[in-house]
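Engineer: Coordinates for the following, if possible.
(2 chains)
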Amino acid sequence: MSRLSVPCHVKGAVALQVGDMRTFQGRPGVVVIDVTFPSIEPFELQEITFKNYYTAFLTIRVRQHTSAHTPAKWMTCLRDCCLMPDPHSEDGAQEYVSLFKHQMLCDMTRVLELRLILRQPSPLWLSFTVEELQIYQQGPKSPSVTFPKWLSHPMPCEQSALLLEGLPDPSRVSSEVQQMWALTEMIRASHTSTRIGRFDVSYLFPLLGLHCPEQVRPHSPLCYRWMAVMT
Amino acid sequence: MAAVEKRRPAGTPAGSFTDSGRPSVSRTAAAVESEEDFLRQVGVTEMLRTALLKVLEARPEEPIAFLAHYFENMGLRSPANGGAGEPPGQLLLQQQRLGRALWHLRLAHHSQRTAFNNNVSVAYECLSKSGRRKKPGLDGRTYSELLRHICRDGQAPEEVVAPLLHKIQCRDHEAVPLGVFRAGMLTCFVLLEFVARASALFQLLEAPGLATIDRRVGQAVLDTLEGALGAGDHATTPACYLEAGSRLGPDSLALAMDRAAAGRRPSSPMAREEFLEKAAALFIAKVKPVG
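Structural biologist: Sure thing, here's the model as predicted:
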């Protein structure tokens, strides 16, 4: 599926802590990162990718545009997604993570703003955050989404084993039929531009304003064009 | 060994060979006139070169038979043959011209397109050199007759080719341009090959011992072909070729035949003529009519 990167502005991480930052010895367990989209209309979010850096749990809240009159509301779209199975060990600490819209708790349309809430209960790590944050929306659909049936459902090979006895060899039949097809296609493709110049007046071709019945009329521009090509 | 013996005197320059062969020439003239000059004078060099070119162009499987045919035809063509005494009747001349045109047309297979086109042009010229009073050009009657000739000699049943002739032949009074003539000839030859293929297909489908095939199976194969051809009507070129390839693959055909043979309808025989006629109808439907 094609995706399109959304230009976004990632604000600096804000650590939430009880007490005075400078004097309190304990490390903050929660960090909040705000993501805004100043240069784009409300969009449908497709995917969020980032590289984890010692974040154990991730919660995402989204502010969506509802209508012009009511103020936009904050919704939780991801709650305590576990990025590190054991916060005290390295597992998943620096992994690349991709979150899709179908993993979200709510609809991800008309997104105005995102808020990432990062939690790390373990005091082992000096700091934690997410890096290389990228937001994607759905890109334009590829031109040929519908494939013909013969392409998407190839004949299963096992079926030839089930064939009735006494039928002719399919591969030889196929070879002959393909030759016949090729000859016919060749004749279809070869055409001569020279014409013998036969002008047959029939009721199908209303020549030069002759009266023609109503049911022929819809075709008449086609006939004139045909005649123009001919001459 | 004998060939070497024979060739040896030819290698010696200004030999007695020329002398003894042509006693009227004086000794000095004989010295000047080499064998090469002689061959050129009587036109053999040119004739052999043309013949070799024809062989190269046509690349026949049996060159000897081809050359024999070629020289036979040369004899017919030379003015000395027809010029003696009373001029042959108009009908005979016409027959000769048709024969010559046919011969030219058959020199190269239609898949060797350049050679085939050359030969078609030569045949066209052959046919358009009609009587002295008439203007040069090919009329519809000769053209149609040539088409009938080709089909008759192609061993295709008459009712099979009749619809094609109806579609591409011209009326007696019409002047046939080269383009139409070439397209007609090509279509005719390709149809003959198509019918030959269909005939081979019939033999494949044929039940051993019987001269007929199961109608359901035969019809299923033809329907599959028709479907593949129909795909070309509405799809763009490369896509429709792929689709046709998929439809006409062994798996797909096997499935179609299997389904037909296992169907509930009772089996009935289908004769060769009917099968060929139905197959040819698929081909002829794609031929553009002359107009």
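Engineer: need the next SSE after the host helix or strand of B:Gln219, C-terminal direction.
Structural biologist: Assigned by DSSP states H and E, B:Gln219 falls within helix B:215-234. Going down the chain from helix B:215-234, the next helix or strand is helix B:237-247, by DSSP H and E.
Engineer: Run the angle between that next one and helix B:215-234 for me.
Structural biologist: Orientation check (axes from the mean of the first three to the mean of the last three C-alpha atoms, to 10 degrees): helix B:237-247 against helix B:215-234 gives 170 degrees.
Engineer: So helix B:237-247, near chain A or not?
Structural biologist: Yes: using C-beta under 8 Å from any C-beta of the partner chain, helix B:237-247 reaches chain A at B:Ala239, B:Tyr241, B:Leu242, B:Glu243, B:Ala244, B:Gly245, B:Ser246, B:Arg247. Quick note: C-beta positions are derived from backbone N, CA and C, even for glycine.
Engineer: Buried ones from those, can you make that a PyMOL selection?
Structural biologist: Buried residues among the residues of helix B:237-247 next to chain A (16 or more other C-beta atoms under 10 Å in any protein chain shown), as a PyMOL selection:
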select buried, chain B and resi 241+243+244+246+247
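Engineer: I'd like the residues of helix B:237-247 next to chain A as CSV, with pLDDT appended.
Structural biologist: Shown next, in CSV, are the residues of helix B:237-247 next to chain A (pLDDT from 0 to 100):
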residue, pLDDT
B:Ala239, 75
B:Tyr241, 81
B:Leu242, 80
B:Glu243, 80
B:Ala244, 81
B:Gly245, 82
B:Ser246, 80
B:Arg247, 81
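Engineer: what sits against the nearest residue to A:Cys82 once chain neighbours are set aside?
Structural biologist: With C-beta to C-beta, 6 or more residues apart in numbering or on different chains as the criterion, A:Cys82 has its nearest non-adjacent residue at 5.9 Å, and that residue is A:Phe57. With contact set as C-beta atoms under 8 Å, 6 or more residues apart in numbering or on different chains, A:Phe57 has these partners: A:Asp80, A:Cys81, A:Cys82, A:Leu83, A:Leu118, A:Arg119, A:Gln120, A:Pro121.
Engineer: thinking the fifth one is in contact with A:Val30, fair?
Structural biologist: Yes: under the criterion of C-beta atoms under 8 Å, A:Leu118 lies in contact with A:Val30, with a separation of 6.9 Å.
Engineer: the more surrounded of those two?
Structural biologist: Between A:Leu118 and A:Val30, A:Leu118 has the larger neighbour count (other C-beta atoms under 10 Å in any protein chain shown), namely 26 against 16.
Engineer: Surely the more buried one is in a helix?
Structural biologist: No: using DSSP: H, G, I helix; E, B strand; the rest coil, the assignment for A:Leu118 is strand, not a helix.
Engineer: give me the low-pLDDT residue ranges for chain B?
Structural biologist: B:1-32, B:75-91, B:129-136, B:234-237, B:291 (pLDDT under 70).
Engineer: So which residue is dead centre in it?
Structural biologist: In chain B, the centroid-proximal residue (C-alpha atoms, centre = their mean) is B:Arg106; its distance is 3.2 Å.
Engineer: Please report phi then psi for that one.
Structural biologist: Reported as degrees, to the nearest 10, the phi and psi values for B:Arg106 are phi -90, psi 0.
Engineer: From B:Glu57, how far off is it?
Structural biologist: Taking C-beta to C-beta, to the nearest Å as the measure, B:Arg106 falls 13 Å from B:Glu57.
Engineer: For B:Val195, which non-adjacent residue is closest in space?
Structural biologist: B:Ala156 (4.4 Å).
Engineer: residues in contact with the one you found?
Structural biologist: B:Leu191, B:Leu192, B:Val195, B:Leu276, B:Ala280.
Engineer: before we move on, back to that, pull out the buried positions in the helix holding B:Gln219.
Structural biologist: Quick answer for helix B:215-234 (16+ other C-beta under 10 Å): B:215-222, B:224-226, B:228-229, B:231-232.
Engineer: Specify which member of those is nearest to A:Glu132.
Structural biologist: Of all the buried residues of helix B:215-234, B:Ala231 has the smallest distance to A:Glu132: 48.7 Å, by C-beta to C-beta.
Engineer: I figured that closest one hits B:Ser246, correct?
Structural biologist: No: the pair B:Ala231 / B:Ser246 is not scored as a contact, 9.4 Å apart, by C-beta under 8 Å.
Engineer: What are the boundaries of the strands in the stretch 151-291 of chain B?
Structural biologist: With DSSP state E, counting those that start in this stretch as the criterion, the stretch 151-291 of chain B has strands at B:213-214, B:269-270.
Engineer: Which strands and helices lie in contact with the last one?
Structural biologist: By that I understand strand B:269-270. strand B:213-214, helix B:215-234 (3 or more C-beta pairs under 8 Å, 6 or more residues apart in numbering or on different chains; DSSP states H and E).
Engineer: who touches it?
Structural biologist: If you take C-beta under 8 Å, 6+ apart as the criterion, strand B:269-270 is touched by B:Leu210, B:Thr212, B:Ile213, B:Asp214, B:Arg215, B:Gly218, B:Gln219.
Engineer: Thanks a lot, catch you later.
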